[in-house]
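> Provided below for reference: sequence and predicted model.
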Amino acid sequence: MERRVHGVWRGTAAVRGGRTVLADSYQQAPLKVAKPFYAEDGTMVIYLMDASPGLLGGDRYEIACALGPGARLFLTTQSSCRLHPGAEEAESVLIQRFRVERGAVLEYFPDPVVPFAGSRHRGETVLEVAAGGVALVAETVTPGRWGMGEVFRFADLRLQTSIYCDGVWTAWDSLWIEPAGMPMGTAWGEFTHMATLWVVSDQLGEEEIELLREVTEAGEEEIYGGVSRLERGGCVLRALSRSVRPLQAWVYRVREVLRPRLIGSPAWPVRKP
C-alpha cells in the first residue's frame, strides 16, 4: 500500500499578562513551527515550516489557527508551497481554518503556490472573523516552475475560500484552473501570476477603499488589479502580473497602507531569504 503524508499544525494564540503567546500548539510531521518571536509592536511572529520537498499527490495538510480576544499574530511560511504530481493522478489537499475573535489581528502572508507539471491540487481556506477582529489573508498563485519551462503544465488546481464576518457567511470564492481545457491566453490574457488579498474588518471604510484603489492603480505597468468591497466587513483585492515579484511587493504595500489604519501601528519589514 502506498504511504500518504498527513501533515498537521493546530495552534491557539492568546493574551497572557498583556502579551500574545502561543497558548497551545500541535504539530505532525512534516509540518512544524519555529519558536515564536516578536515584532516591535508586540505582534507574535510565527514561521510555519514544511520539512519535506512539498506536497505530493495523495498528501494532505491541515492547518488550524485560532486567535483569542486581543491576540496579534503574523503567520507566514518558510518557503513556497511546492505541489508535486502523484501516482494514479492523485491530488494533494491543503485545508486551512482560521478563527479571529474580537480585538484580535491575524496577518497571514504565505509564500507563493508553485504547481509542478502534472500536479493536481485542492485547497480550501475558511476564515471566521468576529466583530472587532481584523484579518489580512494573502494568496499568490504561480503558473509553475518558470525556469524549468513548466508554465501552466499542471493538470488541475482548485482553490476555495469562505469568509464569515461575525458568524455570517459573507463571501465564497472559487478558483479552478485546468490549463489543458482552458487556454490561459484567453483566461488571463498576457498575465501568468495572480495574487489575492482578503481584508476582513468592520473598521474598513470608504476612505480605506479609495486608498487601496490608488495603491493598485499605482502599479498598473506591472500589475492589473482591482478592489471589491464585501457586502459586510471588508474587501477583496486581486491582481494579475507576469512575474511573482511585483505581486509580492504589491501585497506588502497594501499591508503598509492598511496596518496603521486598521491596527494602529505601522508595518514592519518581514524577513525572508
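Perfect, thanks for sending it.

> So G54 versus G189, what's the distance?
Distance of G54 to G189, given as C-beta to C-beta, to the nearest Å: 29 Å. Using the backbone N, CA and C atoms, a C-beta is placed for each residue, glycine as well.

> next one: R229
Distance of R229 to G189, given as C-beta to C-beta: 25 Å.

> again with P85
27 Å.

> Compare these two and say which one has the larger neighbour count.
Between P85 and G189, counted using other C-beta atoms under 10 Å, P85 has the larger neighbour count: 20 against 10.

> my guess is R238 contacts Y224, does it?
No - with contact defined as C-beta atoms under 8 Å, R238 does not count as touching Y224 (9.5 Å).

> what's the next secondary structure element after the lowest-mean-pLDDT helix or strand in the chain?
Every helix and strand in the chain was compared by mean pLDDT, DSSP states H and E; the lowest is helix 184-187, with a mean of 68. As assigned by DSSP states H and E, the chain's next helix or strand after helix 184-187 is strand 193-201.

> for that following strand, what is the average pLDDT?
Mean pLDDT, computed over strand 193-201, is 97.

> Does anything pack onto it? Which helices or strands?
For strand 193-201, the elements it packs on are strand 120-129, strand 134-141, strand 156-165, strand 168-177, strand 234-241, helix 244-262, judged by 3 or more C-beta pairs under 8 Å, 6 or more residues apart in numbering; DSSP states H and E.

> I would like the residues contacting the fourth one, please.
Think strand 168-177. 141, 152, 154, 156-164, 184, 187, 194, 196, 198, 230-234, 236 (C-beta atoms under 8 Å, 6 or more residues apart in numbering).

> that older thread, Serialize the helices and strands packed on strand 193-201 to JSON lines and add fields for distance to V215, mean pLDDT and mean neighbour count.
Listed next are the helices and strands packed on strand 193-201 as JSON lines, based on distance: least, C-beta to C-beta, whole Å; pLDDT from 0 to 100; neighbours: other C-beta atoms under 10 Å:
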{"stretch": "strand 120-129", "distance to V215": "22", "mean pLDDT": "98", "mean neighbour count": "21"}
{"stretch": "strand 134-141", "distance to V215": "14", "mean pLDDT": "98", "mean neighbour count": "24"}
{"stretch": "strand 156-165", "distance to V215": "21", "mean pLDDT": "97", "mean neighbour count": "19"}
{"stretch": "strand 168-177", "distance to V215": "21", "mean pLDDT": "95", "mean neighbour count": "14"}
{"stretch": "strand 234-241", "distance to V215": "9", "mean pLDDT": "95", "mean neighbour count": "21"}
{"stretch": "helix 244-262", "distance to V215": "6", "mean pLDDT": "94", "mean neighbour count": "18"}
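
> Kind regards, and thank you for your time.
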